[in-house]
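Asks: Turn this into a structure:
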Amino acid sequence: IRSLGLSFAALAVSSISSVTGRIARADKERDLLAYLQAATDRNLELNDVHNGECTTELAAYHGLEQALVYLLDHGCPLKKPGISSKNAVFSAVKN
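Replies: Model (predicted):
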């Protein structure tokens, strides 16, 4: 996985945002932060891509503020070069 530059963080953000039921939003985001921390501990790429959008874009779009702060604190840019023409701020405003 490391050689491919994947951590599946973008997929995790996308998936956690679509979870419904009795799970509180704070609990979902806490679980996502634990996943991001595990990826960081293993030196995996945090700002990978899922369906043409990077992790920071997805976190901003879905309103996952704590996840976005974590990603930015760990050096993930608002816009991943070569992936999309928009950045995370645009994604947040769009939603």
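
Asks: so where's the longest helix in the protein?
Replies: helix 25-41 (DSSP state H).

Asks: on contacts alone, who are the packing partners of it?
Replies: Judged by 3 or more CB pairs under 8 Å, 6 or more residues apart in numbering; DSSP states H and E, helix 25-41 is in contact with helix 9-17, helix 65-73. In this view, the C-beta of every residue, glycine as well, is placed from N, C-alpha and C.

Asks: and the nearest residue to Ser17 once chain neighbours are set aside, how many neighbours does it have?
Replies: Distances taken as CB to CB, 6 or more residues apart in numbering place His62 nearest to Ser17, at 3.8 Å, with adjacent residues excluded. As a burial measure, His62 scores 21 neighbours (other CB atoms under 10 Å).

Asks: now His62: how far from Val19?
Replies: 11 Å (CB to CB, to the nearest Å).

Asks: How about Asn51: what's its closest non-neighbour residue?
Replies: With CB to CB, 6+ apart as the criterion, Asn51 has its nearest non-adjacent residue at 7.2 Å, and that residue is Ser14.

Asks: what's near enough to touch the residue most central in space within the chain?
Replies: The centroid of the chain falls nearest to Thr55 when counting by CA atoms, centre = their mean (3.2 Å). By CB atoms under 8 Å, 6 or more residues apart in numbering, Thr55 lies in contact with 9-10, 13, 46-49, 71, 76.

Asks: Between these, which sits nearest Leu32?
Replies: Val13 (6.6 Å; CB to CB).

Asks: So what's the residue count around Lys79?
Replies: 18.

Asks: contacting residues for the nearest residue to Gln37 once chain neighbours are set aside?
Replies: Nearest non-adjacent residue to Gln37, counting by CB to CB, 6+ apart: Tyr70, 7.9 Å away. Neighbouring residues of Tyr70 by CB under 8 Å, 6+ apart: 33, 36-37.
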